[in-house]
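S.K.: Below are the sequence and a predicted model; questions follow.
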Amino acid sequence: MSFRQPLDREQPEGGRLLFAQPCRFVKGAAKASQAPDSDMPEIAFAGRSNVGKSSLINALVSRHTLARASRSPGRTREINFFALSDRLMLADLPGYGYARAPRSEIERWTAQVEAYLTPRPPLVRVMLLIDARRGIKGRDAPVLGLLDATATPYLIVLTKCDKVKKTDLAALIGGIEDGFPGHPACYPAIAATSSRKGTGIAELRAHIAMLASD
Ligand code: GDP
């Protein structure tokens, strides 16, 4: 069996229908223990600060202000939960690894995310966002390690693909795919997206829709 499979084999119609449903802000959780009780499958979005996480969430749900609702002061350090219809919970994790962030802040993020991940049965997939211009960098590596160690399934989602040449993007994707065997919890396909151009958004919606409840 090949490790590599394109994300776009999945059915776009389910994604379109799911993401046409209303999406509402549920709550911000400063501590993992404040995460809402829910029996909906949950998808979390993680990535470095400035990776394009709010732009991607907004592109997915087609609401220009949704992720911003969670951006009021104080909220950016929280895990923000959104319910998509009553079929899926979206969890927007605080951005990590801000270049000027002190080590203590990175440690706090890791502890918060670790606490969130530890017993979180509804969590079916983490979307791990990686800036296509940078690739997987030092600050991402511990996050991959954490997800692999906790057997939390994750999908690598490249952002800002409009900013890189096709050949560079292909090389980046090839390099990440070569690393799949060392990352047991990583889904064996990569989502290449651009929120600005809309690239890869339909495929990502379709992938997420497969994980939603009926
Ligand atoms: P967050 O901090 O991860 O939530 O990142 P934002 O969504 O706020 O985006 C950070 C910056 O990247 C902003 O200046 C966005 O305009 C820019 N950005 C986000 N997505 C894209 C994209 O697909 N293409 C390009 N070229 N820029 C993007």
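M.R.: Perfect, I can see it now.

S.K.: anything in the longest helix along the chain near the ligand?
M.R.: The longest helix of the chain (DSSP state H) is helix 103-117. No: Helix 103-117 lies out of reach of the ligand by CB under 6 Å from any ligand atom, never closer than 13.4 Å. Yep, even glycine has a C-beta here, placed from its N, CA and C like the rest.

S.K.: Sort out which residues of that helix are buried, please.
M.R.: Across helix 103-117, burial judged by 16 or more other CB atoms under 10 Å covers 109, 112-113, 116-117.

S.K.: what's downstream of the least confident helix or strand in the chain by mean pLDDT, the next helix or strand?
M.R.: Taking mean pLDDT, DSSP states H and E as the measure, the helices and strands of the chain show their lowest mean at helix 66-69, namely a mean of 58. Per DSSP states H and E, the first helix or strand lying C-terminal to helix 66-69 is strand 79-84.

S.K.: is the ligand contacted by the following helix or strand past that following strand?
M.R.: The C-terminal neighbour of strand 79-84 among helices and strands, as given by DSSP H and E, is strand 88-92. No: Strand 88-92 lies out of reach of the ligand by CB under 6 Å from any ligand atom, never closer than 8.4 Å.

S.K.: who's in contact with strand 88-92?
M.R.: 18, 23, 26, 35-36, 38, 40-45, 53-54, 57, 61, 67, 70, 79-84, 116, 122-123, 208, 211-213 (CB atoms under 8 Å, 6 or more residues apart in numbering).

S.K.: now with 6 Å?
M.R.: 38, 40-45, 79-83, 212 (CB atoms under 6 Å, 6 or more residues apart in numbering).

S.K.: what residues does this structure put near the ligand?
M.R.: If contact is defined as CB under 6 Å from any ligand atom, the residues of the chain in contact with the ligand are 47, 49-55, 95, 159-160, 162-163, 194-196.

S.K.: Please list the members of the residues you listed that lie in strands.
M.R.: Where the residues of the chain next to the ligand overlap with strands, as defined by DSSP state E, the overlap consists of 47, 159.

S.K.: Between the residues of the chain next to the ligand, which sits nearest Leu146?
M.R.: When the residues of the chain next to the ligand are compared for distance to Leu146 (CB to CB), Gly47 wins out at 13.5 Å.
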